[in-house]
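# here are the coordinates; sequence isn't available:
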């Protein structure tokens, strides 16, 4: 076994742990919007999940995307597992069950996000069509069990799959049959990070309710509007959840680092190979007492890798990741970034959002996190329901986008991307509830039509 990557410095002190997050701070004029989304892939005739190998598999899809885009592949061993765009930050990667993920480039405005999404789907469908591959915009694949989905050849996923069986009941469902859309947003410094993290943590169940889009699994109604969110409640308590300590007085980068240090590790990368250290302590690693790498101490890159294996509802790295929403259609993907941009990137809206949630207790936030996956916008809360909070939050986000005043070529501002949420507020029904109406009505209890109607 070779030593650590010499291009990354060794961790010398707690300051190095903090700096790995703190260096993401940037002035407001440099704030950007990053959008990530995961699409389920499937074949028809017969209807089935897509394997990695084969002339019509995921590998062929990646190779076709490489030819079409000019992006460069990256590998796990001899297997291409994604593509990088060298011109801008962003690329394509594979989730464990073949979910096809775009990590979007940092965009100055939501018009750029929408254009990126449209172009990505145009190219993806062009390449996928000859392969008989289709894309599905739901939070959970509605038909196949975990053992019916082929695993992608990524070493980290083999390590995680084994570990998931030890720490939760639905961890492999999270890996192999769930899909999310995520918005990544910047902060200007520690105080700004803290305010944004607290607001977004408190409102994450609200986003889950608004974007609930996974009522089905194993071919039937699960009883949840966001079964994907329910899955996360049963994945791994040590690395998921609502981060109650973030609301403690004095919270900042250092306290988040302390939390991350106590999250059990998954792996360490050495000589481009994944070393299984699942369940081990990063604190022991710092002291040179990691059993698998005796005497060796971690680099900053090791710490950054570890931070990427923590999965709270909002994750702190060099930016904040909003992780509470189900995957949906193209409009809903952009709407998620619009919702959080309007709330967090305008000072007046951020303050208004904080006023909305500042008196909530840890018990309130935990209650919403537990109940929203099942009840969605109808979740009882504060003498009413979470619907009222959602309606106010959408209104605050809209006002923030108006004040941002970022116009497209047609002279329209970014509020146009909130249209899916305005429809949800108008009807009182999230996407999952609309699917359930069809399932119980015109579909006569048959799940199969969703593969056509939710196809991207």
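Here it is on my side, so go on. All values reported here derive from a predicted model rather than from experimental measurement.
# which residues in the stretch 1-150 of the chain form helices?
14-22, 58-69, 110-128 (DSSP state H, counting those that start in this stretch).
# end to end, how far does stretch 218-234 reach?
By Cα to Cα, to the nearest Å, the extent of stretch 218-234 from end to end equals 17 Å.
# now it: buried residues?
By neighbour count with 16 or more other Cβ atoms under 10 Å, stretch 218-234 contains the buried residues 221-222, 224-232. (Each C-beta comes from the backbone N, C-alpha and C, glycine too.)
# swap in stretch 136-146?
Applying 16+ other Cβ under 10 Å to stretch 136-146 flags 136-144, 146 as buried.
# between helix 14-22 and the top helix by length along the chain, find me the angle.
Determined from DSSP state H, the single longest helix within the chain is helix 190-210. Using axes from the mean of the first three to the mean of the last three Cα atoms, to 10 degrees, the direction of helix 190-210 lies 50 degrees away from that of helix 14-22.
# how far is whichever helix or strand comes after helix 190-210 from where the chain is centred?
Going down the chain from helix 190-210, the next helix or strand is strand 216-217, by DSSP states H and E. Between the centre of strand 216-217 and the centre of its chain there are 19 Å (Cα atoms, centre = their mean, to the nearest Å).
# now do strand 216-217, average pLDDT.
Mean per-residue pLDDT for strand 216-217: 98.
# average pLDDT for the helix or strand following that strand?
For strand 216-217, the following helix or strand on the C-terminal side (DSSP H and E) is strand 220-221. What strand 220-221 shows for mean pLDDT is 97.
# ok, then the element right after strand 220-221?
Next along from strand 220-221, by DSSP H and E: helix 227-233.
# what is that following helix packed up against?
Applying 3 or more Cβ pairs under 8 Å, 6 or more residues apart in numbering; DSSP states H and E, one finds that helix 227-233 contacts helix 171-177, strand 320-326, helix 362-375.
# distance to residue 418, mean pLDDT and mean neighbour count for those - can I get that in CSV?
Converted to CSV, the helices and strands packed on helix 227-233 look like this (distance: least, Cβ to Cβ, whole Å; pLDDT from 0 to 100; neighbours: other Cβ atoms under 10 Å):
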stretch, distance to residue 418, mean pLDDT, mean neighbour count
helix 171-177, 28, 98, 25
strand 320-326, 14, 98, 26
helix 362-375, 20, 98, 18
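# residue 186: which of these is closest?
The closest of those to residue 186 is strand 320-326. By Cβ to Cβ, the value is 7.7 Å.
# compute the inter-axis angle for the helix or strand following the closest one and strand 320-326.
With elements assigned by DSSP H and E, the helix or strand that comes after strand 320-326 is helix 330-344. Here helix 330-344 runs at an angle of 140 degrees relative to strand 320-326 (the same axes, to 10 degrees).
# mind listing what residue 448 touches?
residue 47 (Cβ atoms under 8 Å, 6 or more residues apart in numbering).
# quick check: it vs residue 246, distance?
For residue 448, the distance to residue 246 equals 43 Å [Cβ to Cβ, to the nearest Å].
# one more: residue 21?
For residue 21, the distance to residue 246 - Cβ to Cβ - is 13 Å.
# list residues touching both of these two?
Shared contacts of residue 21 and residue 246, counting by Cβ under 8 Å, 6+ apart, come down to residue 256.
# more neighbours, those two?
Neighbour count, other Cβ atoms under 10 Å: between residue 21 and residue 246, residue 21 has more, with 24 against 21.
# what's the closest non-adjacent residue to that one?
Closest residue to residue 21 in three dimensions, ignoring its sequence neighbours and counting by Cβ to Cβ, 6 or more residues apart in numbering: residue 253, at 5.3 Å.
# equivalent analysis for residue 141, please.
In space, residue 141 is closest to residue 177, 4.5 Å off (Cβ to Cβ, 6+ apart).
# counting by contacts, list what the longest helix of the chain packs against.
Partner elements for helix 190-210 (3+ Cβ pairs under 8 Å, 6+ apart): strand 314-316, strand 320-326, helix 330-344, helix 347-357, helix 362-375, helix 386-404.
# for the third one, what is the average pLDDT?
It stands for helix 330-344. 99.
# what is it packed up against?
Counting contacts by 3+ Cβ pairs under 8 Å, 6+ apart, helix 330-344 packs against strand 33-43, helix 110-128, strand 180-185, helix 190-210, strand 320-326, helix 347-357, helix 386-404, helix 419-427.
# just checking, which helix or strand of this structure averages the lowest pLDDT?
Of all helical and strand segments in the chain, the minimum by mean pLDDT, DSSP states H and E falls on strand 384-385, at a mean of 91.
# check the offset of that one from the chain's centre.
27 Å.
# how about the contacts made by the closest residue to residue 345 other than its chain neighbours?
If you skip the residues right next to it in sequence, residue 345 has residue 31 as its closest partner in space, 6.1 Å away by Cβ to Cβ, 6+ apart. Shown in contact with residue 31 (Cβ under 8 Å, 6+ apart): 185-186, 188, 345.
# reformat the residues you listed as CSV; add neighbour count and distance to residue 77.
Shown next, in CSV, are those (neighbours: other Cβ atoms under 10 Å; distance: Cβ to Cβ, whole Å):
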residue, neighbour count, distance to residue 77
185, 22, 35
186, 23, 35
188, 14, 41
345, 24, 41
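# before we move on, back to that, what mean pLDDT does the longest helix of the chain have?
Mean predicted confidence for helix 190-210 is 98.
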